[in-house]
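In: below are the sequence and a predicted model; questions follow.
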Amino acid sequence: MRNILVTGGAGFIGSHLVRLLVNKYTNYNIINMDMLTYAGNLENLKDIEDKKNYTFVKCNICDVGKVNQVFEKYQIDSVIHLAAESHVDRSIVDPLLFAKSNIMGTLILLQAAKEQWNANFSNHIFYHVSTDEVYGSLGDEGFFTEQTPYDPHSPYSASKASSDHFVRAFHDTYGLPILISNCSNNYGSFQFPEKLIPLLINNIINNKSLPVYGKGENIRDWLFVNDHVRAIDLIFHKGKLGETYNIGGSNEWKNIDLVKLIIKTVDRLLGREEGTSNKLITYVTDRAGHDKRYAIDCTKLKDELGWEPSLQFDEGIEKTVIWYLNNKEWLKNVISGDYQAYYGKIYKN
Ligand code: NAD
Ligand code: DAU
């Protein structure tokens, strides 16, 4: 029996993780703590909200009193921490918000875990979910390994780097049993359509322009979200405490090539003539401080824990586009903001 606190479980990756844990481990209690920012959507979890081993608590991770109450009330023995402001462009507009949620929020959770577990750390885990962006930007060659020095460039990646350092500091100073993973770009169902792939799908469906930053030459390493949460499950159960694991798709795409792939897939699935939506491509001013290339070396995760991605990219993209086409109502609610009323209808705590 475990009582696991998942933070940020109403977001994109968090909702996939919560679903996996609730369905796979019926003997675990999964407590989802999320403050439901614009990126948190309980409709993502409709299919499991009535399960006996699932509880939702609306809470800002920066609220010290409430975080501690949740640890006590649910006798939390482990944390898988995903709650964060996660969009680089928003961090350029409001860096303070990112410092509050991503740095202070993580610190408040670490402190609650340390105090509530009262230096008796056996059978406890604090797992921090982080990003490859902490490593900075690559040139044409090379990969990020777990030894790559941190070199963040955006307020988002700086806040995630800082939170990673605090997590390690709690391990080195107090002996808190921690795990960290740093993952590359995720794609899949339930992703908020301000991130590149769902934004493109939505705009192609609606014949809206497709903004490509700069010349579209930046490179990202894409991983299907279900494979990310399979990796988190594996690391949580089998990872060596105190260690970091890189997670990635070994699947690098130049943005402009990815845009063309998505256009081709959506046009085909909508029965449009091939290339119909190419005219929507619009080159726009580049993102400030735009990292050139991310690419993950996840040999450690593969060799030590036996993880492999389950899908080829073309299959993953096909599934993802089909999901958005079949879930236009979800997309419409997210874009109109209607999803935010869902909490009020369902939850009272
Ligand atoms: P998301 O923006 O979709 O979801 C974030 C969730 O956290 C939302 O439900 C939001 O309501 C919640 N949240 C934000 N601030 C909060 C606060 N102060 N208190 C409580 N809840 C709060 O993000 P995502 O893409 O699912 O990313 C989840 C985690 O994974 C983040 O930590 C992110 O840095 C990391 N990550 C994301 C990717 C990616 O490609 N999306 C890749 C690697 C790592
Ligand atoms: O690498 C992991 C990170 O991936 C995560 O830590 C972040 O939470 C997640 O948001 C993602 O960050 P990116 O900035 O790489 O993702 P985004 O989808 O915003 O952009 C992907 C690439 O596409 C990037 O090079 C910027 C570019 N882009 C993005 C948008 C939204 C465009 O060209 N046009 C756009 O409209």
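Out: Happy to help now that I have it. Residues are numbered from 1 along each chain as shown. Ligands and ions are numbered 1, 2, ... in the order given.
In: now the residue of the chain found nearest ligand 1: how far from Leu45?
Out: Nearest residue of the chain to ligand 1 (Cβ to the nearest ligand atom) works out as Gly11 at 2.0 Å. Any C-beta I mention is one placed from the backbone N, CA and C, and that applies to glycine too. Using Cβ to Cβ, to the nearest Å, Gly11 is found at 10 Å from Leu45.
In: is stretch 96-110 up against ligand 2 anywhere?
Out: No. Counting by Cβ under 6 Å from any ligand atom, ligand 2 has no neighbours in stretch 96-110; the shortest distance is 10.4 Å.
In: neighbouring contacts of the helix or strand bottoming out on mean pLDDT in the chain?
Out: Least confident helix or strand of the chain, by mean pLDDT, DSSP states H and E, is helix 342-346 with a mean of 73. For helix 342-346, the surrounding residues in contact (Cβ atoms under 8 Å, 6 or more residues apart in numbering) are Leu36, Asn41, Leu42, Glu43, Glu49, Lys58.
In: tell me how many other residues surround the second one.
Out: Yep, that's Asn41 we're talking about. Per other Cβ atoms under 10 Å, the neighbour tally for Asn41 reads 24.
In: report the backbone C-alpha coordinates of the least confident helix or strand of the chain in CSV.
Out: Output of helix 342-346 as CSV, limited to C-alpha atoms (Å, rounded to 0.1, in the frame of the first residue of the first chain):
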residue,chain,number,x,y,z
TYR,A,342,-15.8,21.7,-14.8
TYR,A,343,-14.1,21.8,-11.4
GLY,A,344,-17.0,23.8,-9.9
LYS,A,345,-19.5,21.2,-11.1
ILE,A,346,-17.7,18.1,-9.9
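In: close to ligand 1, is that helix?
Out: No. Judged by Cβ under 6 Å from any ligand atom, helix 342-346 makes no contact with ligand 1; its nearest approach is 10.6 Å.
In: quick one: classify the residue lying closest to Leu107 once chain neighbours are set aside as helix, strand or coil.
Out: What sits nearest to Leu107 in space, not counting adjacent residues and going by Cβ to Cβ, 6 or more residues apart in numbering, is Phe166, at 5.3 Å. Assigned with DSSP: H, G, I helix; E, B strand; the rest coil, Phe166 falls in the helix class.
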